[in-house]
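Student: have a look at this prediction, sequence included:
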Amino acid sequence: MTFRFERHYADMAGATFASEPYFRSAWRFRGELLSQWIAEGETVLPRLLTRFTTLERRYVVNCGIEDGAMTGLFVYVPKGTVHAPLDALEHWSEGVLRGKTVDMPEYVNYDTISLLADLADGVDTVLELGAGYGLQLFRLFYAGAPADARYVAADISQAGLDLGESLSRLEPRMNFSTVAFDIARPDWSVLKGSRKALIFTHWSMMYAPKVPDDFFGGLAGWPGEAVMVFVEPLGFQWGGGHPVSEKQREAAEMGALNGDFAEALSAAAAKGWIEPLVVANDVFSRSQHPFDLCSVVVCSKPAG
Ligand SMILES: C[S@@+](CC[C@H](N)C(=O)[O-])C[C@H]1O[C@@H](n2cnc3c(N)ncnc32)[C@H](O)[C@@H]1O
């Protein structure tokens, strides 16, 4: 049976389509669905989130747009054919794995959360920039990242952070908080008191038209040490050879994706602010869409 959930936000009708109003409404939309499920009794947070991520693997939030303006209508639409479980074993989409086109069965995922949990060993703070409602932070907590660490969801969208706050009330054992944060004007005071942090982005640096000069420079003024991980569809900046990387480059040229992250990273390394560790290019995608193909970039920020 096809899943159906839609809302019309009259106050958004006519707003020019852009990242900020889109996410403001999309987080509100998701929040309404999650509140409905909670009211129906789905109050165990890991269950709620797994059920929700399963839904979003099959359905995507569609925002009505006419002539570049939002209509205010938000609805879940199938990403492709939604297969019954047994059929799903025999169907796959064309995806990408480590730069190669491969058949991707629905039940295969890239386990970014285990990677991040491994890298979180010994940290006192886990900070996600562009966290939305903190889904990845909750998943990290349940994946075994330090139980007593501070988990901070930082985002420009207050609607996402509000949803994160309300979900966190279902998990009082987790030290979860939110902070308003703009990647374009980073305020690193959020790290005050931390000695060792895992800082990551997961499909959010891509929206920064340009990495600001004080992104790594500002962080260098914080005395602690950090592992920084960027999971972003930006492999074209390291010369990803896959045709989807080419589509990413075209999207960046049209202003739909960041175009200078690799450059900002090398400049910061040259100044000694960070130490680049790994660029794993064109790692995983379940489709040929340029926004779906992630690369994983890891660097460290030394103490002092
Ligand atoms: C695709 S969502 C990813 C959310 C989350 N990282 C995840 O993977 O579940 C992108 C998020 O980036 C945020 N974002 C976009 N531009 C931003 C900026 N300049 N500063 C902070 N957050 C930003 C959006 O508000 C949105 O919540």
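Tutor: Cool, the structure landed.

Student: residues of this protein that sit close to the ligand?
Tutor: 19, 23, 130-132, 135-136, 155-157, 160, 181-184, 202-204, 207-208 (C-beta under 6 Å from any ligand atom). (Each C-beta comes from the backbone N, C-alpha and C, glycine too.)

Student: for ChimeraX, write a command that selects the buried ones of those.
Tutor: Remark: buried members of these, expressed as a ChimeraX selection using 16 or more other C-beta atoms under 10 Å:
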select :23,130,131,132,135,136,155,156,157,160,181,183,202,203,204,207,208
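
Student: show me where the stretch 101-250 of the chain has helices.
Tutor: For the stretch 101-250 of the chain, the helices defined by DSSP state H, counting those that start in this stretch cover 112-119, 135-142, 158-168, 214-220, 243-253.

Student: for the stretch 201-304 of the chain, give the residue positioned nearest to the ligand.
Tutor: Across the stretch 201-304 of the chain, no residue is closer to the ligand than residue 204, which sits at 3.4 Å (C-beta to the nearest ligand atom).

Student: tell me where this structure has strands.
Tutor: With DSSP state E, the ranges of strands along the chain come out as 6-8, 59-66, 69-78, 92-97, 100-105, 125-129, 150-155, 175-180, 196-202, 225-232, 275-285, 294-301.

Student: buried residues of the second one, list them for me.
Tutor: Of the residues in strand 59-66, those scored as buried under the neighbour-count criterion (16+ other C-beta under 10 Å) are 59, 61, 63-64.

Student: still on that earlier bit, how about a markdown table for the strands of the chain, with distance to residue 215 and mean pLDDT added?
Tutor: Shown next, in a markdown table, are those (distance: least, C-beta to C-beta, whole Å; pLDDT from 0 to 100):
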| stretch | distance to residue 215 | mean pLDDT |
| --- | --- | --- |
| strand 6-8 | 35 | 97 |
| strand 59-66 | 29 | 95 |
| strand 69-78 | 30 | 96 |
| strand 92-97 | 28 | 94 |
| strand 100-105 | 32 | 94 |
| strand 125-129 | 10 | 98 |
| strand 150-155 | 13 | 98 |
| strand 175-180 | 16 | 98 |
| strand 196-202 | 11 | 98 |
| strand 225-232 | 10 | 98 |
| strand 275-285 | 15 | 96 |
| strand 294-301 | 11 | 98 |
